[in-house]
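Q: give me coordinates for this.
(chains A, B, C and D)
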Protein chains: 2
Amino acid sequence: MEMLRRFFEGFGPLSAPNMDFLLNQCTEGTLNKGDKLIQPSQKVDSIYFFESGFLHYYSYSNLGERVTLKVISPNSCWTIMDSFFHQKSTMDECQALTDVQYCELKRSGYVAIKSENQELANFIQTITEYILSAKVVEANKNSKLSVEERYLDLLQNNPAMVQEVPVSIIASYIGTSRETLHRIRRKLTAA
Amino acid sequence: MEMLRRFFEGFGPLSAPNMDFLLNQCTEGTLNKGDKLIQPSQKVDSIYFFESGFLHYYSYSNLGERVTLKVISPNSCWTIMDSFFHQKSTMDECQALTDVQYCELKRSGYVAIKSENQELANFIQTITEYILSAKVVEANKNSKLSVEERYLDLLQNNPAMVQEVPVSIIASYIGTSRETLHRIRRKLTAA
DNA sequence: TTAAGACTGTGTCATTTGACACAATAATGG
DNA sequence: CCATTATTGTGTCAAATGACACAGTCTTAA
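A: Now for the predicted structure:
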């Protein structure tokens, strides 16, 4: 919960009572390695903040191949936006790759925060703008990088993830096969 | 401007005075084919809403190759979020591929709308959530589709774009070379 | 109207990639 | 502690892709 406070503080100042109101809407939880956080055909009713551990957010292509949409790292928030904002059911899945500690903000809490007062509404708007901006920056970065560059970027910016998550999932995450990622790794260790 | 009104109406109801306030913050403009809307090292100070025409939003890879980040279609809004929200300068570029009609909302107008009253603040929050959700849906869809599927998807959902935008730019947009896209098109016409 | 430039279609070829197969190693649960 | 399962490293080969080259077509501006 302290981590969550620092997470929110990162978006700018917020009065102490409002910060407390915000944190009071959140509840804590844990997952064991292998547990599913989201099952197919579920409606996602919470935003999650992950304090420790890694999760695998994935779906399936038309050919039935599993596709990694995101590997979720600690100290980040996540939900399936389309399901959360518009109460749609999702066909995607999300599974803990390690033991996980998280905080959860249910939609009812999210709505309460937005309508509590002006400062909180503005704060949520600011966070939404940050996240939107970050998503686009990330998508554009991926468009500009080759598979090898994406792997190097991961090594640089998230070595813990490379260490703790199976190679096959990292490979799918950066958009290639397990074997090609292995070729890249072999080449890098040779050099 | 009427198109812009309908665009906003699509996000939900808004009282007439507030809709007028919103539209009054916007100004109209045009571009000729080939004009640059955004130049490198510029700070993007507006959200744009395009009424007609197509634009090419692009950047460059580490190898100096031009990479299409988006082909912008009519009846959509666009800006470089990271630059607009956080007053950073961008190294990307945006150029009109055809003659273009647009409306422009400057940051000052955007700030004025958000702070005018509660209904408008909520309305902007709703739009931001919609756009964020749509960005993620689009990114995830692209992860799941092959190059050929992405092209078929474009043909289905935006045939005007396929018709009006050079093949080389479409190819870069779906993440492949001009030649490979041509192979796909040849195969499709043969079948 | 015409010349210059841009865009498209196409073939060849070297390179990269993915699929498959299997041995070696690591992790896990009884 | 051992057996089972999952994961990783690796080679071979077919298929897909990108780079290059060039001719034909379409646009555009003087």
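Q: just to check, A:Leu23 is in contact with A:Leu4?
A: Yes. The pair A:Leu23 / A:Leu4 is scored as a contact, 6.4 Å apart, by CB atoms under 8 Å. In this view, the C-beta of every residue, glycine as well, is placed from N, C-alpha and C.
Q: more neighbours: which of these two?
A: A:Leu4 (20 against 15; other CB atoms under 10 Å in any protein chain shown).
Q: ok, then the element right after the helix or strand hosting the more buried one?
A: Taking DSSP states H and E as the criterion, A:Leu4 maps to helix A:2-9. Downstream of helix A:2-9, the next assigned helix or strand under DSSP H and E is helix A:16-24.
Q: got the CA positions of that next one in PDB?
A: Extracted in PDB, the C-alpha atoms of helix A:16-24 (Å, rounded to 0.1, in the frame of the first residue of the first chain):
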ATOM      1  CA  ALA A  16      -3.500  14.300   2.300                       C
ATOM      2  CA  PRO A  17      -7.200  13.700   2.800                       C
ATOM      3  CA  ASN A  18      -7.700  13.000  -0.900                       C
ATOM      4  CA  MET A  19      -4.800  10.700  -1.100                       C
ATOM      5  CA  ASP A  20      -6.300   8.800   1.900                       C
ATOM      6  CA  PHE A  21      -9.700   8.700   0.200                       C
ATOM      7  CA  LEU A  22      -8.000   7.300  -2.900                       C
ATOM      8  CA  LEU A  23      -6.000   4.600  -1.000                       C
ATOM      9  CA  ASN A  24      -9.100   3.700   1.000                       C
END
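Q: so how far is it off the chain centroid?
A: A distance of 23 Å separates the centroid of the chain from that of helix A:16-24, by CA atoms, centre = their mean, to the nearest Å.
Q: does DNA strand D sit close to the helix or strand containing A:Ile169?
A: In this structure, A:Ile169 sits in helix A:167-174 according to DSSP H and E. Yes. Using CB under 7 Å from any atom of the strand, helix A:167-174 comes into contact with DNA strand D via A:167-168.
Q: tell me which other helices or strands that helix touches.
A: Helix A:167-174 sits against strand A:66-72, helix A:147-157, helix A:178-190, with contacts defined as 3 or more CB pairs under 8 Å, 6 or more residues apart in numbering or on different chains; DSSP states H and E.
Q: show me which residues of chain A sit near DNA strand C.
A: A:33-34, A:146-147, A:176-177, A:179-180, A:183.
Q: what's the weakest-modelled helix or strand in chain A?
A: Ranked by mean pLDDT, DSSP states H and E, the weakest helix or strand in chain A is helix A:178-190, scoring a mean of 92.
Q: okay, now the unreliable bits of chain A?
A: A:191 (pLDDT under 70).
Q: coming back round to it: ok and the helix holding A:Leu4 relative to helix A:16-24, angle-wise?
A: In terms of direction (axes from the mean of the first three to the mean of the last three CA atoms, to 10 degrees), helix A:2-9 departs from helix A:16-24 by 120 degrees.
Q: how long is stretch A:108-122 from one end to the other?
A: 18 Å (CA to CA, to the nearest Å).
Q: in that stretch, which residues are buried?
A: Buried residues in stretch A:108-122, counting neighbours by 16 or more other CB atoms under 10 Å in any protein chain shown, are found at A:109-110, A:112-114, A:116, A:120-122.
Q: again with stretch A:66-81
A: Neighbour counts over stretch A:66-81 (16+ other CB under 10 Å) mark A:67-74, A:77-81 as buried.
Q: equivalent analysis for stretch A:121-137, please.
A: For stretch A:121-137, by 16+ other CB under 10 Å, it's A:121-125, A:127-133, A:135-136.
Q: restricted to helices, list those.
A: Of the positions in those, A:121-125, A:127-133, A:135-136 sit in helices, assigned by DSSP state H.
Q: in TSV: those residues, plus distance to B:Tyr102.
A: Shown next, in TSV, are those (distance: CB to CB, whole Å):
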residue	distance to B:Tyr102
A:Ala121	30
A:Asn122	28
A:Phe123	31
A:Ile124	29
A:Gln125	25
A:Ile127	29
A:Thr128	24
A:Glu129	22
A:Tyr130	26
A:Ile131	26
A:Leu132	21
A:Ser133	21
A:Lys135	24
A:Val136	19
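Q: smallest gap between chain A and DNA strand C, at which residue?
A: A:Thr180 (3.2 Å; CB to the nearest atom of the strand).
Q: near DNA strand D, which residues of chain A?
A: A:166-168, A:178-179, A:182, A:185-186.
Q: what subset of those residues is buried?
A: A:Arg185.
Q: if we can go back for a sec, out of the buried residues of stretch A:108-122, which comes closest to chain B?
A: A:Ala121 (6.0 Å; CB to the nearest CB).
Q: pull the contacting residues for the closest one.
A: Neighbouring residues of A:Ala121 by CB atoms under 8 Å, 6 or more residues apart in numbering or on different chains: A:114-115, B:118, B:121-122, B:125.
Q: distance from the chain centre to stretch A:23-43, please.
A: With CA atoms, centre = their mean, you get 12 Å for stretch A:23-43.
Q: quick check: buried residues in that stretch?
A: In stretch A:23-43, counting by 16+ other CB under 10 Å, buried: A:25-26, A:31, A:37-38, A:42.
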